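[1] show me how the following folds:
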Amino acid sequence: MDKKRCRWAEGTFDEYIRYHDEEWGVPNHDDAIHFEFLVLESAQAGLSWSTILKRREGYRKAFANFEVHKVAAFDSKKINELVGNTDIIRNRAKIEAAVNNAKRFLEVQQEFGSFDKYIWGFVGHQVKIGRWEEKGSIPATTAESDLLAKDLKKRGFKFLGSTTIYAHMQAVGLINDHTIDCFRFKELT
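    Numbering: from 1, shown residues only. Below you'll find the model as predicted:
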């Protein structure tokens, strides 16, 4: 018998289903994964997540396997190279934002000891549980994502508005927004 999943993951391609089943909503405390998802989520702005997921390996190669120190050191020559890279979204503003955000990410790590400690503070260091019956009832933003996005903007981060940050919070498990009929809801609650 097939497992019941969140409707957004049903009938999609295998990699998308694996992402839903194995990654989305799993509480993460690894700064490298936080940085990877910040890059991917900011690249996704205005696009579908499947578009980004299909290019994830291209992003890993293009962005030094998401090693934040390396990305923070990217210069204009490297940015120009990335603008021509067909394995990623070739939007100069998003690429420049990723490099900028790497620098800001390092500043947050310096101030808080880790990005993880910083970001989890916005949910009181525990997973927020959504109890949604269907995808249409899941909000695009919350008070927590509004506060986090505002603080990130104040710190100089770019392309990380409240909707993008809420998607990040869902992806890395600060919020469990699997619908209550999804097999992952119970596993992660």
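[2] got the residue ranges for the strands in the protein?
    Shown for the chain, the strands assigned by DSSP state E span residues 128-129, 175-176.
[3] so which of the ones you listed is the most packed in?
    strand 175-176 (a mean of 23; mean count of other Cβ atoms under 10 Å). For the C-beta atoms, the positions are set from N, CA and C on the backbone; glycine is no exception.
[4] for that one, packing partners?
    strand 128-129 (3 or more Cβ pairs under 8 Å, 6 or more residues apart in numbering; DSSP states H and E).
[5] what's the mean pLDDT across the strand it packs on?
    For strand 128-129, mean pLDDT is 96.
[6] helices and strands around that strand, which ones?
    Secondary-structure packing of strand 128-129 (3+ Cβ pairs under 8 Å, 6+ apart): strand 175-176.
[7] outside of the strand it packs on itself, list whatever touches it.
    With Cβ atoms under 8 Å, 6 or more residues apart in numbering as the test, strand 175-176 has contacts from 25, 123, 127-130, 142, 144, 166, 169, 185, 188-189.
[8] residue ranges with poor pLDDT in this protein?
    Applying pLDDT under 70 to the chain flags the ranges 1, 135.
[9] now the helices for it?
    14-22, 31-44, 49-53, 56-62, 68-72, 76-83, 92-112, 115-120, 143-154, 162-171, 183-188 (DSSP state H).
[10] I'd like the strands of the chain as a markdown table, with distance to Lys54 appended.
    Formatted as a markdown table, those follow (distance: least, Cβ to Cβ, whole Å):
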| stretch | distance to Lys54 |
| --- | --- |
| strand 128-129 | 29 |
| strand 175-176 | 24 |
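[11] just to revisit the earlier point, turn the helices of the chain into CSV, including mean neighbour count and distance to Arg7.
    What follows is the helices of the chain, written out as CSV (neighbours: other Cβ atoms under 10 Å; distance: least, Cβ to Cβ, whole Å):
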stretch, mean neighbour count, distance to Arg7
helix 14-22, 14, 11
helix 31-44, 23, 19
helix 49-53, 16, 14
helix 56-62, 16, 22
helix 68-72, 18, 34
helix 76-83, 14, 34
helix 92-112, 18, 28
helix 115-120, 21, 27
helix 143-154, 17, 22
helix 162-171, 23, 15
helix 183-188, 16, 13
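[12] quick one: these as JSON lines, columns for distance to Glu134 too.
    Listed next are the helices of the chain as JSON lines, based on distance: least, Cβ to Cβ, whole Å:
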{"stretch": "helix 14-22", "distance to Glu134": "16"}
{"stretch": "helix 31-44", "distance to Glu134": "22"}
{"stretch": "helix 49-53", "distance to Glu134": "18"}
{"stretch": "helix 56-62", "distance to Glu134": "27"}
{"stretch": "helix 68-72", "distance to Glu134": "37"}
{"stretch": "helix 76-83", "distance to Glu134": "38"}
{"stretch": "helix 92-112", "distance to Glu134": "31"}
{"stretch": "helix 115-120", "distance to Glu134": "28"}
{"stretch": "helix 143-154", "distance to Glu134": "20"}
{"stretch": "helix 162-171", "distance to Glu134": "15"}
{"stretch": "helix 183-188", "distance to Glu134": "12"}
